[in-house]
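Engineer: Below are the sequence and a predicted model for it; my questions follow.
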Amino acid sequence: MFKVGDLVKLNASFSLDSHPPMGTLGIVTDVEQFENMVISMLLIRVHWSCGPNKDTQVYVNSNLKKVA
């Protein structure tokens with residue numbers, strides 16, 4: 001669904017100490033498939049237009065909305 005270079009909008013609220021506010025635009029920088037015996041999901045890293053931008057920020061499909 002998401003690929004590197006996609007323009008996305010944060011579609012969820014998180015702690016503002018470690019994540020940007022809901023509605024912030026960003027560019028997808030990495031998409032990684034995570035699987036174990038119970039679940040399978042995409043983990044998505046984004047460089048946000050306004051910070052914070054941290055290596056520990058990882059999102060799933062439902063947290064993001066594709067803009068373009």
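Structural biologist: Yes, it's here.
Engineer: Show me the shaky parts of the chain.
Structural biologist: 68 (pLDDT under 70).
Engineer: Quick one: list the elements packing against the longest strand anywhere in it.
Structural biologist: Secondary structure of the chain per DSSP state E: the longest strand is strand 25-35. With contacts defined as 3 or more CB pairs under 8 Å, 6 or more residues apart in numbering; DSSP states H and E, the packing partners of strand 25-35 are strand 7-10, strand 40-48. The way it works is simple: take the backbone N, C-alpha and C, and place the C-beta from them, glycine included.
Engineer: export those to CSV and tack on distance to Gln33?
Structural biologist: Formatted as CSV, those follow (distance: least, CB to CB, whole Å):
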stretch, distance to Gln33
strand 7-10, 18
strand 40-48, 6
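Engineer: As a markdown table, those strands with mean neighbour count would be great.
Structural biologist: Formatted as a markdown table, the helices and strands packed on strand 25-35 follow (neighbours: other CB atoms under 10 Å):
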| stretch | mean neighbour count |
| --- | --- |
| strand 7-10 | 17 |
| strand 40-48 | 17 |
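Engineer: Specify the stretch among those that is closest to Val67.
Structural biologist: When those are compared by CB to CB, strand 7-10 sits nearest Val67, at 4.3 Å.
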